[in-house]
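Engineer: sequence and computational prediction follow.
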Amino acid sequence: MAQEKKYNAIITAVGMYFPDKVFDNKYFESIIDTNEEWILTRTGIRERRILENGGTSVLATNAALDLMQKHNIKAEEIDCIIVATVTPDMFFPPTACLVQKRIGAVNAWGFDLEAACSGFLFAFQTGSGLIESGQYKKVMIIGADKMSSITDYTDRNNCILFGDGGAAVLLEPIEDKNFGLQDSILHVDGSGEVALHMKGGGSLNPPSHETVDKKMHYIYQDGKAVFKVAVKGMADVSVELMQKNNLKSEDIAYLVPHQANMRIIDATAERMGLSRDKVMINIDRYGNTTAATIPSCLVEYYRAGKIKKGDKLILSAFGAGYTWGATYIVWAID
Ligand code: COA
């Protein structure tokens, strides 16, 4: 039998960072054979932000600093930093270490976690475990990706989808089990490798002239194949989590979906019986920022005063691997 947890993990602070440079749909008309209307109707994306200088640690560090400034959190209070990313600055050191140094979190340990577009959910689960055990009091979860660094801007099927961004949440313990992480269902299925991968640059295909010539250091995605499994995977797991927790549509304040394609988001919401006003959306302004999509939605809706204490949220994602899952939380702060 599962042991009774001492604490629940709640989100007590949020922060985000998106760079200033914008690639709008018009820009893509100038570099590939496409048009604004096609991109908007097929994906729901109007524009994305692009980081010109520096790596993902810039996005992650600025998101962390924004969180600390807005919520008056001192760097030395942070016990652990988990950075979810598929675009670390370098293979090593971990991006979490670069963030730790730059924000001055002298008492923190930390690591990177790679689970593609499900990265934030997997990191949230991992960080919550550290809190629930009672061993740590402040765990920062950052989702950050510089997708422009692995995007082939001559591939019209994919380059329109992605953008750069970072967002962070702080997890802290609470004894009241009515708040914070309530439940989750998480999955991986390695058969997804075929349809979505980046084959070059790792230990399988170390960088060489050949890997560069063959464009193996860019995202490869069979969009149609991924679309089909993503729609089913995200909707199925979200509905399963609702049923498991006896949640009806009217109980849910918001679906917080990974922002890959507006049509995937709409299909998931429809299966859950939720209208558009109960779905967090920012894909129109940022595109798919991989690990940053879900936390950046939380930041924007919280700051707009749209999330209230006691609100029940279902976070849901699908990504490369395949990795996917849904997480049920009750918002704990005003
Ligand atoms: N502009 C104009 N036309 C484009 C285009 C673009 N940027 N990109 C592709 N097309 C063309 C295709 O070549 C195809 O032409 P063809 O029929 O002559 O071959 C046509 O548009 C339709 O392509 P299709 O694949 O049917 O489009 P779609 O409705 O599946 O949308 C995606 C394409 C990529 C937007 C969609 O498949 C998608 O979002 N996939 C999953 C993304 C995702 O969730 N990924 C990651 C999980 S994290």
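Structural biologist: Alright, I've got the coordinates.
Engineer: next one, pLDDT for the residue of the stretch 101-250 of the chain found nearest the ligand please.
Structural biologist: Distances between the stretch 101-250 of the chain and the ligand by Cβ to the nearest ligand atom are smallest at residue 223, namely 3.0 Å. C-beta: built from backbone N, CA, C; applies to glycine. We have a pLDDT of 93 for residue 223.
Engineer: was I right about it contacting residue 157?
Structural biologist: Yes. If you go by Cβ atoms under 8 Å, residue 223 and residue 157 touch, sitting 5.4 Å apart.
Engineer: who has more neighbours, these two?
Structural biologist: The neighbour count for residue 223 versus residue 157, taken as other Cβ atoms under 10 Å, is higher for residue 223 (16 against 13).
Engineer: residues in contact with the more buried one?
Structural biologist: Residues near residue 223 by Cβ atoms under 8 Å, 6 or more residues apart in numbering: 157, 158.
Engineer: any idea how far it is from residue 233?
Structural biologist: 15 Å (Cβ to Cβ, to the nearest Å).
Engineer: hang on, residue 155 is in a helix, isn't it?
Structural biologist: No. Under DSSP: H, G, I helix; E, B strand; the rest coil, residue 155 falls outside any helix and is assigned coil.
Engineer: could you find the closest non-adjacent residue to it?
Structural biologist: Spatial nearest neighbour of residue 155, chain neighbours left out: residue 218 (7.1 Å); criterion: Cβ to Cβ, 6 or more residues apart in numbering.
Engineer: what segments of the stretch 101-250 of the chain are strands?
Structural biologist: With DSSP state E, counting those that start in this stretch, the ranges of strands along the stretch 101-250 of the chain come out as 109-113, 139-146, 164-174, 180-188, 196-197, 220-221.
Engineer: for the stretch 101-250 of the chain, which residues are neighbours of the ligand?
Structural biologist: 117, 156, 157, 160, 221, 223, 224, 226, 227, 230 (Cβ under 6 Å from any ligand atom).
Engineer: which of these are buried, as a ChimeraX select command?
Structural biologist: Applying 16 or more other Cβ atoms under 10 Å to those, the buried members can be selected in ChimeraX as follows:
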select :117,160,221,223,226,227,230
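Engineer: dump the residues of the stretch 101-250 of the chain next to the ligand into TSV; add distance to residue 98 as well.
Structural biologist: What follows is these, written out as TSV (distance: Cβ to Cβ, whole Å):
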residue	distance to residue 98
117	22
156	33
157	32
160	30
221	28
223	32
224	37
226	30
227	34
230	31
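Engineer: which members of the residues of the stretch 101-250 of the chain next to the ligand are the farthest-apart pair?
Structural biologist: 117 and 156 (20.5 Å; Cβ to Cβ).
Engineer: would you map the helices across the stretch 51-200 of the chain?
Structural biologist: In the stretch 51-200 of the chain, the segments counted as helices under DSSP state H, counting those that start in this stretch are 56-71, 95-103, 119-132.
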